[in-house]
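Novice: the sequence and its predicted three-dimensional model are supplied below.
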Amino acid sequence: MNDLEHMRNSVFFHGPDVRHRLSRFWILITLSAIIAAAGVVADSAATVIGAMIVAPLMTPVLGTVLSVVLADRLNLIRSLLLVAGGALAAIAIGWLLGLIVVNDVAAATNSQVAGRVAPRLIDLLAALATGAVGSVALVRSDVSDTLPGVAIAISLVPPLSVAGLTLESGEFGQSLGALLLFLTNVAAILGSGTVVMAIYGVQRLIAPDANSGQRTINRRNAILVIAAMIVIVSVPLTTSSISIARDTSREARALEAAGAFGKEVGWTAVEVTTSEDMLVIQMEGPLPVPDTEPLQAELESRGVDPSGVRAELEPAKVVILQQSS
């Protein structure tokens, strides 16, 4: 197990080299936000992953955890200010990049955005586990080499970039969804990190007179605030999970109905999606366009209300080109 001084130096912004540490943080948060925003705009998963590795936000978040465990008021304030300042900087950079790009960046046309604007309970579970790994890596030197994996697993900067880009695009609901994902990840790290450090007894490493003359925090109240954060983010996550599960089930049944209808009329079901609570069935095939009454019957037989379905039938003609003699 690492000694307390090593842990403090790893995540706290203090000491004689504080200026160097702060300048490194702001340089990295700026560059990682630019990389993340560019990766989102380009719809490039590899670029976004690169931004996750560069992003330095995990350090002050873990610093917040350690500050709570040690009841260190000064470093708690410093860590929270860095988390908030870094988050605002990433959102601002995303918004500025959104001004430059020609097309609006939104979930409908970008998979990187779509994957970050509708967080679910499974995202909270993943973040809890990742936060626990990050805290274990801080406490134990023999697992510190897992930190790059933790940086990739816990998505902090990319959701902030998405929040800025979608905010500039006028997609305020999507921007709030991305911000919710970020807050979910932060709350999960704080919660699981505090538990891990309590299990390892980090608070017992404090010397009896270490906090004498220093302003401390009420550890119990801080833990209650963290628990409240997790409960609060769980409410919209639960709602989103239920909604996504309902839409997925309905889409699967509609796709099955469209497939059965397509076999009868010689058409192909291309895709079934949900748009503003309306099921959209896209089909293509040869002329003439078939009557959709059999499709309605197939939907009803599978428990799908046809009044909430829009069928888009696109005639398609395949022509095999031949080389001219």
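Specialist: Done, it's in. Residues are numbered from 1 along each chain as shown.

Novice: worst-scoring helix or strand of the protein, pLDDT-wise?
Specialist: Within the chain, judged by mean pLDDT, DSSP states H and E, the helix or strand with the poorest mean is helix 147-153; its value is a mean of 63.

Novice: let me know the pLDDT of S212.
Specialist: According to the prediction, S212 has pLDDT 49.

Novice: state the next helix or strand along the chain beyond the helix ranked longest in the chain.
Specialist: Using DSSP state H, we find that the single longest helix of the chain is helix 219-265. Heading C-terminal from helix 219-265, the first helix or strand you meet, by DSSP states H and E, is strand 268-275.

Novice: which helices and strands does that following strand pack with?
Specialist: Using 3 or more C-beta pairs under 8 Å, 6 or more residues apart in numbering; DSSP states H and E as the contact test, the elements touching strand 268-275 are helix 219-265, strand 278-285. Bear in mind the C-beta positions are built from the backbone N, C-alpha and C, glycine included.

Novice: quick check: angle from the longest one to strand 278-285?
Specialist: Between helix 219-265 and strand 278-285, the angle formed by their directions is 30 degrees, by axes from the mean of the first three to the mean of the last three C-alpha atoms, to 10 degrees.

Novice: quick one: A129 and S192 touch, right?
Specialist: Yes: applying C-beta atoms under 8 Å, one finds A129 in contact with S192, separated by 7.2 Å.

Novice: now S10: closest residue in space that isn't a chain neighbour?
Specialist: Spatial nearest neighbour of S10, chain neighbours left out: L138 (6.2 Å); criterion: C-beta to C-beta, 6 or more residues apart in numbering.

Novice: neighbour count: A129 and S192, which is higher?
Specialist: Using other C-beta atoms under 10 Å as the criterion, A129 and S192 rank with S192 on top: 23 against 14.

Novice: which strand or helix spans that one?
Specialist: Going by DSSP H and E, S192 is in helix 172-199.

Novice: what's the spacing between that helix and its chain's center?
Specialist: 10 Å (C-alpha atoms, centre = their mean, to the nearest Å).

Novice: for the remainder of this discussion, apply numbering that starts at 311.
Specialist: Will do, 311 is the new start, and the previous item becomes helix 482-509.

Novice: tell me what the longest helix of the chain is packed against?
Specialist: Looks like helix 529-575 contacts helix 368-380, helix 431-449, helix 482-509, strand 578-585, strand 588-595, helix 603-611 (3+ C-beta pairs under 8 Å, 6+ apart).

Novice: the same query, at a cut-off of 6 Å, please.
Specialist: helix 431-449, helix 482-509, strand 578-585, strand 588-595, helix 603-611 (3 or more C-beta pairs under 6 Å, 6 or more residues apart in numbering; DSSP states H and E).

Novice: of those, which is nearest A417?
Specialist: helix 482-509 (5.6 Å; C-beta to C-beta).

Novice: which strands and helices lie in contact with the closest one?
Specialist: Using 3+ C-beta pairs under 6 Å, 6+ apart, helix 482-509 sits against helix 368-380, helix 431-449, helix 467-478, helix 529-575.

Novice: list the buried ones in the second one?
Specialist: The one in question is helix 431-449. For helix 431-449, a neighbour-count test (16 or more other C-beta atoms under 10 Å) marks 431, 433-434, 436-438, 440-449 as buried.

Novice: any idea of the mean pLDDT for it?
Specialist: Averaged over helix 431-449, pLDDT sits at 89.

Novice: need the three-state assignment for E622.
Specialist: Three-state call for E622 (DSSP: H, G, I helix; E, B strand; the rest coil): strand.

Novice: skip the chain neighbours and tell me the closest residue to it.
Specialist: Q592 (4.9 Å).

Novice: domain assignment for this protein?
Specialist: 314-527, 557-625 (automatic domain parsing).

Novice: quick one, which of the helices and strands packed on helix 482-509 is nearest to I344?
Specialist: Here helix 467-478 is closest among those (C-beta to C-beta), at 8.8 Å.

Novice: does anything pack onto the strand or helix carrying N385? Which helices or strands?
Specialist: Assessed by DSSP H and E, N385 sits inside helix 383-410. Under the contact criterion of 3+ C-beta pairs under 6 Å, 6+ apart, helix 383-410 touches helix 328-351, helix 368-380, helix 467-478.

Novice: out of those, flag the one nearest T549.
Specialist: For T549, the closest of these is helix 467-478, at 18.2 Å, according to C-beta to C-beta.

Novice: in stretch 333-350, what's buried?
Specialist: 335, 338-339, 342-350.

Novice: tell me the most buried of the domains of the chain?
Specialist: domain 314-527 (a mean of 19; mean count of other C-beta atoms under 10 Å).

Novice: the residue nearest to E622 reaches A579, doesn't it?
Specialist: No: contact between Q592 and A579 fails when scored by C-beta atoms under 6 Å: they sit 7.6 Å apart.

Novice: P366 and F335 touch, don't they?
Specialist: Yes: using C-beta under 6 Å, P366 is in contact with F335, at 5.1 Å.

Novice: that older thread, what sits against the residue nearest to E622?
Specialist: Q592 is in contact with 580-581, 622, counting by C-beta atoms under 6 Å, 6 or more residues apart in numbering.
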